[in-house]
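**Q** One predicted model, sequence on top.
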Amino acid sequence: MPNLASWDRTEWDACVIGAGPAGSLAAARLAQRGRRTLLIDKAHFPRPKVCGGCLGSVGLSALGEAGLSLGTLSVAGSPLTSVSIHSGRRHAVLPLRQRQAIARETFDAALLAHARAAGAAVIEGGRAMVGAIEDNFRGVLIHDPHAGRASLRCRVVLIAAGLGASSLAPPDEAIPAIRRPGSRIGAGVTLDAPHGDYPPGRVVMASGRRGEGYVGVARLPDGRLDIAAAFAPDAVAQVGRSLGRLAHRVLESCGLPTPAGLAESDWSAVPTLTQRPARLGAERVLLIGDAAGYVEPFTGEGIGWALRSALEVEPIADRAIDAWRPQAVSDWQRRHHATIGRWQSRCRVVCDLVGGRYATPLVVGVLSAAPWFAAPVLRRIDPMPQTAG
Ligand SMILES: Cc1cc2nc3c(=O)[nH]c(=O)nc-3n(C[C@H](O)[C@H](O)[C@H](O)COP(=O)(O)OP(=O)(O)OC[C@H]3O[C@@H](n4cnc5c(N)ncnc54)[C@H](O)[C@@H]3O)c2cc1C
(Lines give C-alpha, C1' and ligand atoms only; values in the text may rest on other atoms or scores of the structure.)
Protein backbone atom coordinates (compact mmCIF):
# COMPACT_ATOMS: atom_id res chain seq x y z
CA MET A 1 0.00 0.00 0.00
CA PRO A 2 1.33 3.48 -0.82
CA ASN A 3 2.14 5.80 2.04
CA LEU A 4 -1.10 6.85 3.74
CA ALA A 5 0.19 10.42 4.08
CA SER A 6 -1.00 11.10 0.51
CA TRP A 7 -4.60 10.49 1.69
CA ASP A 8 -4.34 12.81 4.66
CA ARG A 9 -6.99 15.59 4.83
CA THR A 10 -8.70 14.34 1.64
CA GLU A 11 -12.47 14.97 1.46
CA TRP A 12 -15.05 12.33 0.56
CA ASP A 13 -18.81 12.23 0.08
CA ALA A 14 -18.90 8.75 1.57
CA CYS A 15 -16.36 6.69 3.40
CA VAL A 16 -17.24 3.00 3.86
CA ILE A 17 -15.36 1.07 6.55
CA GLY A 18 -15.25 -2.65 5.77
CA ALA A 19 -15.28 -4.29 2.33
CA GLY A 20 -17.41 -7.35 3.08
CA PRO A 21 -20.61 -7.81 1.06
CA ALA A 22 -22.38 -4.87 2.77
CA GLY A 23 -19.54 -2.38 2.41
CA SER A 24 -18.50 -3.25 -1.14
CA LEU A 25 -22.04 -3.16 -2.51
CA ALA A 26 -22.87 0.10 -0.67
CA ALA A 27 -19.65 1.71 -1.95
CA ALA A 28 -20.37 0.57 -5.51
CA ARG A 29 -23.92 1.98 -5.38
CA LEU A 30 -22.84 5.38 -4.06
CA ALA A 31 -19.97 5.59 -6.56
CA GLN A 32 -22.42 4.77 -9.36
CA ARG A 33 -24.51 7.74 -8.22
CA GLY A 34 -21.45 9.90 -8.84
CA ARG A 35 -20.55 10.24 -5.16
CA ARG A 36 -16.87 10.50 -4.27
CA THR A 37 -16.59 7.26 -2.34
CA LEU A 38 -13.74 5.63 -0.43
CA LEU A 39 -13.86 1.97 0.67
CA ILE A 40 -11.38 0.89 3.35
CA ASP A 41 -10.62 -2.60 4.68
CA LYS A 42 -8.02 -3.67 7.19
CA ALA A 43 -7.45 -6.88 5.20
CA HIS A 44 -5.85 -7.47 1.81
CA PHE A 45 -8.13 -9.31 -0.60
CA PRO A 46 -8.78 -12.13 -1.22
CA ARG A 47 -9.15 -12.69 2.51
CA PRO A 48 -10.80 -15.59 4.39
CA LYS A 49 -14.08 -15.07 6.27
CA VAL A 50 -15.72 -17.41 8.78
CA CYS A 51 -18.88 -18.43 6.95
CA GLY A 52 -20.88 -21.48 5.91
CA GLY A 53 -20.58 -20.35 2.29
CA CYS A 54 -24.34 -20.58 1.52
CA LEU A 55 -25.84 -17.72 -0.44
CA GLY A 56 -29.64 -17.72 -0.19
CA SER A 57 -32.47 -16.18 -2.17
CA VAL A 58 -32.36 -12.87 -0.27
CA GLY A 59 -28.74 -12.41 -1.33
CA LEU A 60 -29.24 -13.65 -4.87
CA SER A 61 -32.15 -11.29 -5.43
CA ALA A 62 -30.27 -8.35 -3.87
CA LEU A 63 -27.46 -9.04 -6.34
CA GLY A 64 -30.04 -9.16 -9.15
CA GLU A 65 -31.50 -5.83 -8.07
CA ALA A 66 -28.01 -4.35 -8.25
CA GLY A 67 -27.64 -5.69 -11.80
CA LEU A 68 -25.25 -8.42 -10.66
CA SER A 69 -25.18 -12.20 -10.50
CA LEU A 70 -22.61 -14.83 -9.64
CA GLY A 71 -22.04 -15.07 -13.41
CA THR A 72 -21.35 -11.35 -13.96
CA LEU A 73 -19.08 -11.36 -10.91
CA SER A 74 -17.26 -14.45 -12.30
CA VAL A 75 -17.83 -16.29 -9.03
CA ALA A 76 -18.37 -20.05 -9.13
CA GLY A 77 -21.49 -21.26 -7.34
CA SER A 78 -22.92 -24.73 -6.92
CA PRO A 79 -26.63 -25.19 -6.20
CA LEU A 80 -27.64 -26.41 -2.74
CA THR A 81 -30.88 -28.34 -2.99
CA SER A 82 -31.31 -29.88 0.45
CA VAL A 83 -30.33 -29.62 4.09
CA SER A 84 -30.11 -32.62 6.37
CA ILE A 85 -30.50 -31.82 10.05
CA HIS A 86 -29.02 -34.34 12.49
CA SER A 87 -29.47 -34.77 16.21
CA GLY A 88 -28.12 -37.95 17.76
CA ARG A 89 -29.02 -40.79 15.41
CA ARG A 90 -32.10 -39.01 14.06
CA HIS A 91 -32.11 -36.90 10.97
CA ALA A 92 -34.49 -35.09 8.65
CA VAL A 93 -33.85 -34.02 5.05
CA LEU A 94 -35.55 -30.85 3.88
CA PRO A 95 -35.56 -29.23 0.46
CA LEU A 96 -33.81 -25.91 -0.07
CA ARG A 97 -34.61 -23.48 -2.83
CA GLN A 98 -32.45 -20.90 -4.50
CA ARG A 99 -29.25 -21.41 -2.56
CA GLN A 100 -25.72 -21.55 -3.89
CA ALA A 101 -22.50 -22.66 -2.23
CA ILE A 102 -19.80 -20.04 -2.75
CA ALA A 103 -16.24 -19.51 -1.51
CA ARG A 104 -16.18 -16.28 0.48
CA GLU A 105 -12.62 -15.43 -0.55
CA THR A 106 -13.64 -15.20 -4.21
CA PHE A 107 -17.12 -13.75 -3.66
CA ASP A 108 -15.93 -10.89 -1.44
CA ALA A 109 -12.93 -10.16 -3.67
CA ALA A 110 -15.24 -10.00 -6.70
CA LEU A 111 -17.59 -7.55 -4.97
CA LEU A 112 -14.62 -5.40 -3.98
CA ALA A 113 -13.44 -5.40 -7.61
CA HIS A 114 -16.97 -4.39 -8.63
CA ALA A 115 -16.88 -1.42 -6.22
CA ARG A 116 -13.54 -0.37 -7.67
CA ALA A 117 -14.84 -0.69 -11.23
CA ALA A 118 -17.89 1.38 -10.25
CA GLY A 119 -15.55 4.23 -9.33
CA ALA A 120 -14.92 3.81 -5.60
CA ALA A 121 -11.38 4.44 -4.38
CA VAL A 122 -10.13 1.51 -2.29
CA ILE A 123 -7.61 1.19 0.52
CA GLU A 124 -6.72 -2.39 1.48
CA GLY A 125 -4.73 -3.13 4.61
CA GLY A 126 -5.79 0.03 6.48
CA ARG A 127 -7.54 -0.19 9.85
CA ALA A 128 -10.07 2.62 10.18
CA MET A 129 -11.93 4.19 13.05
CA VAL A 130 -14.42 7.00 13.22
CA GLY A 131 -13.22 10.36 14.48
CA ALA A 132 -14.82 13.61 15.56
CA ILE A 133 -17.19 15.98 13.74
CA GLU A 134 -15.44 18.90 12.10
CA ASP A 135 -17.58 21.50 10.26
CA ASN A 136 -19.86 19.49 7.97
CA PHE A 137 -17.63 16.45 7.97
CA ARG A 138 -17.09 13.35 10.07
CA GLY A 139 -13.47 12.42 10.59
CA VAL A 140 -12.12 8.95 9.77
CA LEU A 141 -8.70 7.87 10.95
CA ILE A 142 -6.78 5.18 9.08
CA HIS A 143 -3.76 3.41 10.42
CA ASP A 144 -1.40 0.88 8.93
CA PRO A 145 1.78 -0.22 10.72
CA HIS A 146 3.79 -0.02 7.48
CA ALA A 147 2.05 2.80 5.59
CA GLY A 148 1.49 5.27 8.42
CA ARG A 149 -1.73 7.12 9.19
CA ALA A 150 -4.19 9.48 7.57
CA SER A 151 -7.07 11.57 8.78
CA LEU A 152 -9.97 11.93 6.31
CA ARG A 153 -12.99 14.25 6.10
CA CYS A 154 -16.25 12.54 5.10
CA ARG A 155 -19.80 13.81 4.60
CA VAL A 156 -21.13 10.39 5.56
CA VAL A 157 -19.46 7.32 7.06
CA LEU A 158 -20.93 3.84 6.64
CA ILE A 159 -19.64 1.35 9.20
CA ALA A 160 -19.74 -2.05 7.48
CA ALA A 161 -16.98 -3.65 9.50
CA GLY A 162 -18.83 -6.78 10.59
CA LEU A 163 -19.93 -8.21 13.94
CA GLY A 164 -19.38 -5.95 16.92
CA ALA A 165 -18.24 -3.04 14.76
CA SER A 166 -20.38 -0.55 16.66
CA SER A 167 -17.22 -0.24 18.77
CA LEU A 168 -15.80 1.80 15.86
CA ALA A 169 -18.42 4.49 16.47
CA PRO A 170 -17.13 7.94 17.36
CA PRO A 171 -15.96 8.41 20.94
CA ASP A 172 -18.32 11.38 21.36
CA GLU A 173 -21.32 9.18 20.46
CA ALA A 174 -20.45 5.65 21.62
CA ILE A 175 -22.91 2.96 20.50
CA PRO A 176 -23.08 0.10 23.02
CA ALA A 177 -23.58 -3.44 21.70
CA ILE A 178 -26.49 -5.41 23.13
CA ARG A 179 -25.53 -9.09 23.32
CA ARG A 180 -28.08 -11.84 23.71
CA PRO A 181 -27.29 -13.76 26.91
CA GLY A 182 -25.96 -17.24 26.14
CA SER A 183 -25.45 -16.36 22.47
CA ARG A 184 -23.23 -18.84 20.67
CA ILE A 185 -19.79 -18.15 19.23
CA GLY A 186 -19.25 -18.45 15.48
CA ALA A 187 -16.29 -20.39 14.12
CA GLY A 188 -15.20 -22.05 10.92
CA VAL A 189 -12.55 -23.72 8.81
CA THR A 190 -12.20 -24.92 5.22
CA LEU A 191 -10.57 -28.29 4.57
CA ASP A 192 -9.25 -30.05 1.51
CA ALA A 193 -11.27 -33.23 1.85
CA PRO A 194 -11.96 -35.79 -0.87
CA HIS A 195 -15.46 -36.00 -2.33
CA GLY A 196 -17.61 -38.83 -1.08
CA ASP A 197 -18.76 -38.30 2.47
CA TYR A 198 -20.15 -34.82 1.89
CA PRO A 199 -21.21 -34.54 -1.76
CA PRO A 200 -22.01 -31.19 -3.38
CA GLY A 201 -25.61 -29.98 -3.25
CA ARG A 202 -26.44 -30.73 0.39
CA VAL A 203 -25.86 -28.77 3.59
CA VAL A 204 -25.43 -31.02 6.61
CA MET A 205 -26.31 -29.54 10.01
CA ALA A 206 -25.36 -31.51 13.12
CA SER A 207 -26.61 -30.50 16.54
CA GLY A 208 -24.55 -31.54 19.58
CA ARG A 209 -26.31 -33.82 22.08
CA ARG A 210 -24.79 -32.07 25.07
CA GLY A 211 -25.71 -28.53 24.10
CA GLU A 212 -22.39 -27.85 22.34
CA GLY A 213 -24.20 -25.98 19.55
CA TYR A 214 -24.30 -26.99 15.91
CA VAL A 215 -21.94 -27.62 13.01
CA GLY A 216 -22.76 -27.07 9.33
CA VAL A 217 -20.87 -28.72 6.47
CA ALA A 218 -21.14 -27.80 2.79
CA ARG A 219 -19.03 -28.69 -0.25
CA LEU A 220 -17.72 -25.56 -2.00
CA PRO A 221 -17.56 -25.30 -5.81
CA ASP A 222 -13.74 -25.62 -5.69
CA GLY A 223 -14.07 -28.98 -3.89
CA ARG A 224 -13.08 -27.84 -0.38
CA LEU A 225 -15.32 -28.56 2.59
CA ASP A 226 -16.64 -25.50 4.38
CA ILE A 227 -17.28 -26.30 8.04
CA ALA A 228 -18.92 -23.57 10.12
CA ALA A 229 -20.28 -23.76 13.62
CA ALA A 230 -22.19 -21.92 16.30
CA PHE A 231 -20.79 -23.21 19.59
CA ALA A 232 -22.06 -22.65 23.13
CA PRO A 233 -19.63 -20.47 25.12
CA ASP A 234 -19.24 -23.08 27.89
CA ALA A 235 -18.37 -25.79 25.33
CA VAL A 236 -15.73 -23.46 23.84
CA ALA A 237 -14.35 -22.71 27.31
CA GLN A 238 -13.84 -26.46 27.86
CA VAL A 239 -11.86 -27.10 24.66
CA GLY A 240 -9.97 -23.80 24.46
CA ARG A 241 -8.52 -23.34 20.98
CA SER A 242 -9.26 -26.94 19.92
CA LEU A 243 -12.49 -26.07 18.12
CA GLY A 244 -11.76 -28.77 15.53
CA ARG A 245 -12.05 -31.38 18.28
CA LEU A 246 -15.39 -29.93 19.33
CA ALA A 247 -16.71 -30.06 15.75
CA HIS A 248 -15.37 -33.61 15.43
CA ARG A 249 -17.27 -34.59 18.59
CA VAL A 250 -20.54 -33.05 17.37
CA LEU A 251 -20.36 -34.78 13.96
CA GLU A 252 -19.41 -38.09 15.59
CA SER A 253 -22.30 -37.86 18.08
CA CYS A 254 -24.65 -37.72 15.08
CA GLY A 255 -23.01 -40.70 13.39
CA LEU A 256 -21.70 -38.44 10.60
CA PRO A 257 -18.33 -38.88 8.86
CA THR A 258 -15.49 -36.85 10.37
CA PRO A 259 -13.23 -35.42 7.64
CA ALA A 260 -9.53 -36.27 7.95
CA GLY A 261 -7.62 -33.58 9.81
CA LEU A 262 -10.74 -31.97 11.30
CA ALA A 263 -9.83 -32.55 14.95
CA GLU A 264 -6.39 -30.93 14.48
CA SER A 265 -7.55 -28.15 12.14
CA ASP A 266 -6.89 -24.51 12.93
CA TRP A 267 -10.25 -22.73 13.32
CA SER A 268 -11.04 -19.03 13.22
CA ALA A 269 -13.65 -17.71 15.62
CA VAL A 270 -15.77 -14.56 15.66
CA PRO A 271 -17.42 -12.75 18.58
CA THR A 272 -20.81 -13.55 20.10
CA LEU A 273 -23.13 -14.13 17.17
CA THR A 274 -26.43 -12.63 18.30
CA GLN A 275 -25.89 -8.98 19.05
CA ARG A 276 -27.10 -5.62 17.91
CA PRO A 277 -26.02 -2.05 18.45
CA ALA A 278 -28.19 0.15 20.64
CA ARG A 279 -28.56 2.59 17.70
CA LEU A 280 -27.88 2.24 13.99
CA GLY A 281 -25.80 5.38 13.74
CA ALA A 282 -24.56 8.66 15.10
CA GLU A 283 -24.08 12.09 13.53
CA ARG A 284 -23.02 11.45 9.89
CA VAL A 285 -22.52 7.74 10.66
CA LEU A 286 -24.75 4.80 9.65
CA LEU A 287 -24.22 1.11 10.46
CA ILE A 288 -24.92 -1.58 7.86
CA GLY A 289 -24.45 -5.35 7.42
CA ASP A 290 -23.51 -7.38 10.50
CA ALA A 291 -22.45 -4.14 12.18
CA ALA A 292 -26.15 -3.21 12.29
CA GLY A 293 -27.07 -6.42 14.14
CA TYR A 294 -26.88 -10.11 13.52
CA VAL A 295 -28.54 -13.31 14.66
CA GLU A 296 -27.16 -16.81 14.37
CA PRO A 297 -27.23 -18.11 10.83
CA PHE A 298 -29.40 -21.05 9.82
CA THR A 299 -28.24 -21.95 6.32
CA GLY A 300 -27.30 -18.82 4.48
CA GLU A 301 -28.88 -15.59 5.57
CA GLY A 302 -26.15 -13.18 6.71
CA ILE A 303 -24.70 -12.38 3.29
CA GLY A 304 -28.20 -11.70 1.97
CA TRP A 305 -29.03 -9.39 4.87
CA ALA A 306 -25.70 -7.59 4.37
CA LEU A 307 -26.33 -7.06 0.64
CA ARG A 308 -29.92 -6.02 1.31
CA SER A 309 -28.80 -3.47 3.91
CA ALA A 310 -26.46 -1.91 1.32
CA LEU A 311 -29.39 -1.41 -1.05
CA GLU A 312 -31.73 -0.13 1.67
CA VAL A 313 -29.28 2.40 3.13
CA GLU A 314 -28.33 3.83 -0.26
CA PRO A 315 -31.08 6.49 -0.62
CA ILE A 316 -30.70 7.55 3.03
CA ALA A 317 -26.91 7.86 2.72
CA ASP A 318 -27.26 9.67 -0.60
CA ARG A 319 -29.60 12.29 0.89
CA ALA A 320 -27.37 12.62 3.94
CA ILE A 321 -24.38 13.51 1.76
CA ASP A 322 -26.21 16.60 0.49
CA ALA A 323 -27.61 17.61 3.87
CA TRP A 324 -27.26 15.67 7.11
CA ARG A 325 -30.45 15.59 9.17
CA PRO A 326 -30.49 14.06 12.67
CA GLN A 327 -33.56 12.01 11.60
CA ALA A 328 -31.36 10.06 9.18
CA VAL A 329 -30.46 7.58 11.94
CA SER A 330 -34.08 6.95 12.94
CA ASP A 331 -35.10 6.75 9.26
CA TRP A 332 -32.45 4.08 8.78
CA GLN A 333 -33.50 2.21 11.93
CA ARG A 334 -37.11 2.09 10.76
CA ARG A 335 -36.16 0.90 7.31
CA HIS A 336 -33.74 -1.69 8.66
CA HIS A 337 -36.33 -2.99 11.11
CA ALA A 338 -39.01 -3.26 8.41
CA THR A 339 -36.79 -5.26 6.07
CA ILE A 340 -33.80 -7.05 7.58
CA GLY A 341 -35.03 -6.95 11.19
CA ARG A 342 -38.15 -8.90 10.25
CA TRP A 343 -36.18 -11.77 8.70
CA GLN A 344 -33.72 -11.81 11.59
CA SER A 345 -36.50 -12.28 14.16
CA ARG A 346 -37.82 -15.30 12.27
CA CYS A 347 -34.37 -16.77 11.85
CA ARG A 348 -33.73 -16.47 15.59
CA VAL A 349 -36.78 -18.64 16.31
CA VAL A 350 -35.67 -21.33 13.85
CA CYS A 351 -32.12 -21.38 15.23
CA ASP A 352 -33.43 -21.75 18.77
CA LEU A 353 -35.41 -24.79 17.65
CA VAL A 354 -32.65 -26.38 15.60
CA GLY A 355 -29.77 -25.62 17.94
CA GLY A 356 -31.49 -26.00 21.29
CA ARG A 357 -30.24 -28.64 23.71
CA TYR A 358 -33.63 -30.12 24.54
CA ALA A 359 -35.86 -29.16 21.64
CA THR A 360 -33.66 -30.41 18.80
CA PRO A 361 -34.20 -34.19 19.02
CA LEU A 362 -37.93 -33.57 19.21
CA VAL A 363 -37.92 -31.13 16.29
CA VAL A 364 -35.79 -33.44 14.14
CA GLY A 365 -38.12 -36.32 14.99
CA VAL A 366 -41.16 -34.29 13.91
CA LEU A 367 -39.44 -33.09 10.73
CA SER A 368 -38.33 -36.56 9.68
CA ALA A 369 -41.87 -37.89 10.18
CA ALA A 370 -43.56 -34.89 8.55
CA PRO A 371 -41.14 -32.93 6.33
CA TRP A 372 -44.04 -30.89 4.92
CA PHE A 373 -44.17 -29.22 8.33
CA ALA A 374 -40.83 -27.52 7.62
CA ALA A 375 -41.70 -25.92 4.29
CA PRO A 376 -43.65 -22.96 5.70
CA VAL A 377 -40.93 -22.39 8.33
CA LEU A 378 -38.14 -22.32 5.74
CA ARG A 379 -40.23 -20.01 3.55
CA ARG A 380 -40.60 -17.56 6.41
CA ILE A 381 -36.87 -17.20 7.03
CA ASP A 382 -35.95 -17.15 3.36
CA PRO A 383 -38.74 -15.31 1.58
CA MET A 384 -38.34 -13.40 -1.61
CA PRO A 385 -37.48 -10.02 -0.17
CA GLN A 386 -39.89 -7.13 0.03
CA THR A 387 -38.56 -3.63 0.35
CA ALA A 388 -39.88 -1.12 2.83
CA GLY A 389 -42.04 1.58 1.35
C1 LIG B 1 -20.05 -19.39 11.70
C2 LIG B 1 -20.73 -18.51 10.69
C3 LIG B 1 -21.34 -19.09 9.58
C4 LIG B 1 -22.00 -18.27 8.66
N5 LIG B 1 -22.56 -18.86 7.57
C6 LIG B 1 -23.21 -18.10 6.68
C7 LIG B 1 -23.76 -18.68 5.51
O8 LIG B 1 -23.63 -19.86 5.24
N9 LIG B 1 -24.42 -17.86 4.66
C10 LIG B 1 -24.58 -16.52 4.90
O11 LIG B 1 -25.23 -15.83 4.12
N12 LIG B 1 -24.02 -15.94 5.98
C13 LIG B 1 -23.34 -16.70 6.86
N14 LIG B 1 -22.74 -16.10 7.93
C15 LIG B 1 -22.87 -14.67 8.11
C16 LIG B 1 -22.03 -13.86 7.13
O17 LIG B 1 -20.70 -14.30 7.14
C18 LIG B 1 -22.12 -12.38 7.51
O19 LIG B 1 -23.45 -12.05 7.80
C20 LIG B 1 -21.61 -11.48 6.39
O21 LIG B 1 -20.26 -11.73 6.13
C22 LIG B 1 -21.79 -10.01 6.80
O23 LIG B 1 -21.21 -9.19 5.85
P24 LIG B 1 -20.67 -7.74 6.26
O25 LIG B 1 -20.29 -7.09 4.98
O26 LIG B 1 -21.62 -7.06 7.15
O27 LIG B 1 -19.38 -8.01 7.17
P28 LIG B 1 -18.09 -8.89 6.94
O29 LIG B 1 -18.27 -9.85 5.84
O30 LIG B 1 -17.71 -9.40 8.28
O31 LIG B 1 -16.99 -7.84 6.46
C32 LIG B 1 -16.49 -6.88 7.34
C33 LIG B 1 -15.17 -6.36 6.79
O34 LIG B 1 -14.75 -5.28 7.61
C35 LIG B 1 -13.36 -5.32 7.75
N36 LIG B 1 -13.02 -4.56 8.95
C37 LIG B 1 -13.31 -4.87 10.23
N38 LIG B 1 -12.86 -3.90 11.06
C39 LIG B 1 -12.28 -2.96 10.27
C40 LIG B 1 -11.64 -1.72 10.54
N41 LIG B 1 -11.51 -1.23 11.77
N42 LIG B 1 -11.14 -1.02 9.50
C43 LIG B 1 -11.26 -1.49 8.22
N44 LIG B 1 -11.85 -2.66 7.92
C45 LIG B 1 -12.37 -3.38 8.93
C46 LIG B 1 -13.04 -6.80 7.82
O47 LIG B 1 -11.70 -7.06 7.44
C48 LIG B 1 -14.05 -7.38 6.82
O49 LIG B 1 -13.49 -7.52 5.53
C50 LIG B 1 -22.05 -16.88 8.85
C51 LIG B 1 -21.41 -16.30 9.95
C52 LIG B 1 -20.74 -17.10 10.86
C53 LIG B 1 -20.03 -16.47 12.00
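**A** Great, that's in hand.
**Q** Arg9 contacts Ser151, correct?
**A** Yes - counting by CB atoms under 8 Å, Arg9 touches Ser151, with 6.6 Å between them. No exception for glycine: its C-beta is placed from N, CA and C like everyone else's.
**Q** The two - which one has more neighbours?
**A** Per other CB atoms under 10 Å, whichever of Arg9 and Ser151 has more neighbours is Ser151, with 16 against 9.
**Q** Please name the bridge partners of that one.
**A** Taking DSSP bridges, one obtains Leu141 as the residues bridged to Ser151.
**Q** Pro233: neighbour count?
**A** There are 13 residues near Pro233, going by other CB under 10 Å.
**Q** Would you list the phi and psi of it?
**A** When read as degrees, to the nearest 10, the backbone of Pro233 gives phi -60, psi -40.
**Q** Quick one, grab the pLDDT at it.
**A** pLDDT for Pro233: 91.
**Q** For Phe231, give me phi and psi.
**A** phi -100, psi 150.
**Q** Show me the beta-bridge partners of it.
**A** Going by DSSP bridges, Phe231 forms beta bridges with Ile185, Gly213.
**Q** For it, grab the count of nearby residues.
**A** Neighbours of Phe231 (other CB under 10 Å): 27.
**Q** Quick check: the gap between it and Ala31.
**A** 39 Å (CB to CB, to the nearest Å).
**Q** Ok, Leu38 next?
**A** On the measure of CB to CB, Leu38 and Ala31 end up 9 Å apart.
**Q** Spell out which residues are contacts of both of those two.
**A** Ala120 (CB atoms under 8 Å, 6 or more residues apart in numbering).
**Q** for stretch 269-282, which positions count as buried?
**A** 270-277, 279-282 (16 or more other CB atoms under 10 Å).
**Q** list the contacts for the most centrally placed residue in the chain?
**A** Nearest to the mean C-alpha position of the chain, by CA atoms, centre = their mean, lies Gly302 at 4.3 Å. Gly302 makes contacts with 51, 290, 294, as judged by CB under 8 Å, 6+ apart.
**Q** So what pairs up with the last one in the strands?
**A** In this case it means Tyr294. Gln275.
**Q** Kindly provide the distance from it to Gly186.
**A** 9 Å.
**Q** and for the two, which residues touch both?
**A** 163, 273.
**Q** Would you mark the buried spots in the lengthiest helix in the chain?
**A** Counting residues, the longest helix found in the chain (DSSP state H) is helix 302-322. When burial is assessed from 16+ other CB under 10 Å, helix 302-322 yields the following buried residues: 302-314, 316-318, 320-321.
**Q** Output the below-cut-off pLDDT ranges for the stretch 151-300 of the chain.
**A** Low-confidence segments of the stretch 151-300 of the chain (pLDDT under 70): 297-300.
**Q** Now it against the ligand: closest residue?
**A** At 2.2 Å from the ligand, Gly289 is the closest residue in the stretch 151-300 of the chain, using CB to the nearest ligand atom.
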